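**Q** Got a sequence here, can you build the structure:
(one chain, ligands or ions: 1)
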Amino acid sequence: MIESVEPRIAGAIRSELADQRDSLKLIASENYASPAVLLTMGNWLSDKYAEGTIGHRFYAGCQNVDTVESVAAEHARELFGAEYAYVQPHSGIDANLVAFWSILANRVETPALAEHGVKSVYDLSEDDWEVLRKKFGEQRAVGMSLDAGGHLTHGFRPNISGKMFHQRSYGTDPETELLDYDEVARVVREFKPLVLIAGYSAYPRRINFAKMAEIAHENGAVLMVDMAHFAGLVAGKVFTGDEDPVPHADIVTTTTHKSLRGPRGGMVLATEEFAADVDRGCPMVLGGPLGHVMAAKAVALAEARRPEFRTYAQHIADNAHALADGFLKRGAKLVTGGTDNHLVLLDTTAYGLTGRQAESALLDSGIVTNRNSVPNDPNGAWYTSGVRLGTPALTSRGLGIDDFDRVAELIVGVLSQTEATPTRSGAPGKAKYSIAPGVAEATHKAAEEL
Ligand code: PLP
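**A** Okay, here's the model as predicted:
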């Protein structure tokens with residue numbers, strides 16, 4: 001049917017399926033959603049407008065969207081043991097924006113309105129409005145630095161979060177490359193932020209959220225955890241106790257499409273204290289919710305509540321361990337010396353390559369990764385000095401420990417037989433490279449066989 005309307009789109013979809021089947025997908029933020037999740041996204045809920053919240057919509061006829069949103073939120077609350085769940089955000093960025101605005105509303109707007117003796121921003125005089133705007137503009141946030149593995153939405157300048165908040169970041173220990181809780185405590189004590197953000201996109205270790213909560217709360221800050229990357233490991237009970245953010249954080253945000261294996265989307269979990277403010281995500285930050293995607297979130301969350309998901313999550317972590325061991329025994333250098341989550345950060349400078357050269361050489365060989373900064377990266381955020389590798393997608397395809405050892409062998413094989421092409425002046429180039437003859441083809445064939 002798509003073919004007869006726009007054959008180029010039909011072709012791109014077929015070609016994407018072939019690419020995803022024929023290559024080894026090691027991008028740490030990607031996965032393969034189940035057929036049930038994929039099928040749930042193609043339905044008539046897509047055609048319905050339902051701005052508002054469950055039972056309080058700005059449109060008529062939203063009873064089916066109400067059902068979908070309630071079921072998804074119920075699964076999210078029960079799966080994660082959260083007091084409140086908001087499943088409308090269209091993406092991780094949206095979930096973080098909802099969280100930031102709800103923290104500002106809860107901690108800045110509400111007290112400021114009380115000071116002016118009014119209940120709603122609509123009743124503020126223009127002068128009082130100016131006071132409130134100024135209070136918003138004075139707020140501060142602290143998050144993990146980008147090159148230590150943090151995310152753009154954690155207060156960095158190119159992102160709106162860096163414009164909403166004055167920002168400081170914490171990094172990792174220069175020797176061990178591990179998160180230094182004393183350093184986090186020092187930054188928070190000195191800077192006194194409204195929000196301490198924990199969570200990462202490229203840090204290969206677990207975080208002690210009980211410690212992070214202690215640091216935040218001792219200093220009057222709200223602890224917000226962005227578990228976008230490791231939500232599947234929390235859902236699957238690989239991260240428990242102090243490593244489970246939900247009992248410790250005031251607000252937890254996540255994507256639903258990474259290790260959680262759901263549709264593309266976001267979600268916010270919150271304590272009762274923040275529930276009413278998070279519930280204002282639409283219209284504060286979001287427009288009409290995507291009913292078809294919330295339905296697929298409900299299906300994915302129901303899948304994640306099954307016992308098989310715990311096995312899957314454990315396999316993600318075991319496979320990451322096997323991948324790291326496979327690299328280490330072949331002499332590779334890994335940021336922090338290993339992993340205890342779902343990802344590995346390989347330092348490519350040991351092969352004389354930038355992250356960009358390594359990423360391209362691997363892609364030519366049927367292995368899909370993404371280049372990534374390493375702490376204090378000498379090559380900057382564009383070329384970088386590392387590649388990030390994650391196990392969720394190939395674990396969904398059924399690969400196990402021995403397969404991941406083979407993946408490490410293939411990657412080391414390609415990188416050790418790839419050379420950076422020098423620039424005209426003879427300096428080491430950062431983008432061009434050459435792979436020894438036959439290596440890419442042989443690796444591609446081996447990758448297809450896995
Ligand atoms: N938060 C973290 C930690 C992420 O790694 C990402 C994406 O990679 C996001 C938020 C943003 O998610 P999205 O791409 O769905 O907006």
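**Q** quick one: Gly137 from Val414, how far?
**A** Gly137 is 49 Å from Val414, where distance means Cβ to Cβ, to the nearest Å. To be clear about C-beta, it is placed using only N, CA and C from the backbone, and glycine gets the same treatment.
**Q** more neighbours, the two?
**A** Taking other Cβ atoms under 10 Å, Gly137 and Val414 do not tie; Val414 has more neighbours (26 against 11).
**Q** Could you tell me which residues make contact with the residue nearest to that one when sequence neighbours are not counted?
**A** Counting by Cβ to Cβ, 6 or more residues apart in numbering, the nearest residue to Val414 once its immediate chain neighbours are dropped is Ser365, at 4.8 Å. Each residue near Ser365 by Cβ atoms under 8 Å, 6 or more residues apart in numbering is listed here: 410, 414, 435, 439-440, 443-444, 447.
**Q** next one: Pro428
**A** Contacts of Pro428 by Cβ under 8 Å, 6+ apart are 352, 420, 422.
**Q** and it, what pLDDT?
**A** What the model reports for Pro428 is a pLDDT of 80.
**Q** Quick check on it: phi, psi?
**A** phi -60, psi 130 (degrees, to the nearest 10).
**Q** What about Asp173, how many residues nearby?
**A** Using other Cβ under 10 Å, Asp173 has 15 neighbouring residues.
**Q** any idea how far it is from Gly199?
**A** 18 Å.
**Q** Which residue is the nearest non-sequential neighbour of the closest residue to the ligand within the chain?
**A** Of the chain, the residue with the smallest distance to the ligand, taken as Cβ to the nearest ligand atom, is Gly92 at 2.3 Å. Distances taken as Cβ to Cβ, 6+ apart put Thr255 closest to Gly92, at 3.9 Å, once the chain neighbours are dropped.
**Q** Now that the one you found has come up, it's in contact with Ile93, right?
**A** No: contact criterion Cβ atoms under 8 Å: Thr255 and Ile93 do not qualify, at 9.1 Å.
**Q** the helices in the stretch 1-150 of the chain, which residues?
**A** Remark: helices assigned in the stretch 1-150 of the chain by DSSP state H, counting those that start in this stretch are 2-5, 7-22, 35-40, 63-80, 92-104, 110-115, 126-137.
**Q** what's the first one packed up against?
**A** Taking 3 or more Cβ pairs under 8 Å, 6 or more residues apart in numbering; DSSP states H and E as contact, the helices and strands that helix 2-5 lies on are helix 7-22.
**Q** which secondary structure elements does the helix it packs on contact?
**A** helix 2-5, helix 439-449.
**Q** Contact residues of this structure facing the ligand?
**A** By the rule Cβ under 6 Å from any ligand atom, the part of the chain lying against the ligand is 29, 91-93, 151, 153, 199, 201, 226, 228-229, 255, 266.
**Q** Write the ChimeraX selection for whichever of these are buried.
**A** The ChimeraX selection below is limited to those of the residues of the chain next to the ligand classed as buried (16 or more other Cβ atoms under 10 Å):
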select :29,91,92,93,151,153,199,201,226,228,229,255,266
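**Q** who's in contact with the nearest residue to Ile103 once chain neighbours are set aside?
**A** Distances taken as Cβ to Cβ, 6+ apart put Val222 closest to Ile103, at 5.2 Å, once the chain neighbours are dropped. Going by Cβ under 8 Å, 6+ apart, Val222 touches 103, 107, 194-196, 216, 250-251.
**Q** Kindly report the same for Leu124.
**A** 113, 116, 118, 132.
**Q** quick one on the thing from earlier: turn the helices and strands packed on helix 7-22 into a markdown table, columns for mean pLDDT.
**A** A markdown table is the format used below for the helices and strands packed on helix 7-22 (pLDDT from 0 to 100):
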| stretch | mean pLDDT |
| --- | --- |
| helix 2-5 | 94 |
| helix 439-449 | 94 |
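**Q** And those helices: which comes nearest Val299?
**A** helix 2-5 (22.9 Å; Cβ to Cβ).
**Q** CA atoms only for that closest one, dumped as PDB, please.
**A** Backbone C-alpha positions of helix 2-5 (Å, rounded to 0.1, in the frame of the first residue of the first chain) are rendered in PDB as follows:
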ATOM      1  CA  ILE A   2       2.800   2.400   0.900                       C
ATOM      2  CA  GLU A   3       4.500   1.400  -2.400                       C
ATOM      3  CA  SER A   4       1.600   2.800  -4.500                       C
ATOM      4  CA  VAL A   5       1.500   6.100  -2.600                       C
END
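**Q** hang on, the earlier thing: what pairs with the residue nearest to Gly92 across the strands?
**A** Gly266 (DSSP bridges).
**Q** quick one: the helices in the stretch 151-300 of the chain?
**A** Using DSSP H, counting those that start in this stretch, helices in the stretch 151-300 of the chain cover 160-164, 181-191, 209-218, 231-235, 272-278, 281-284, 291-304.
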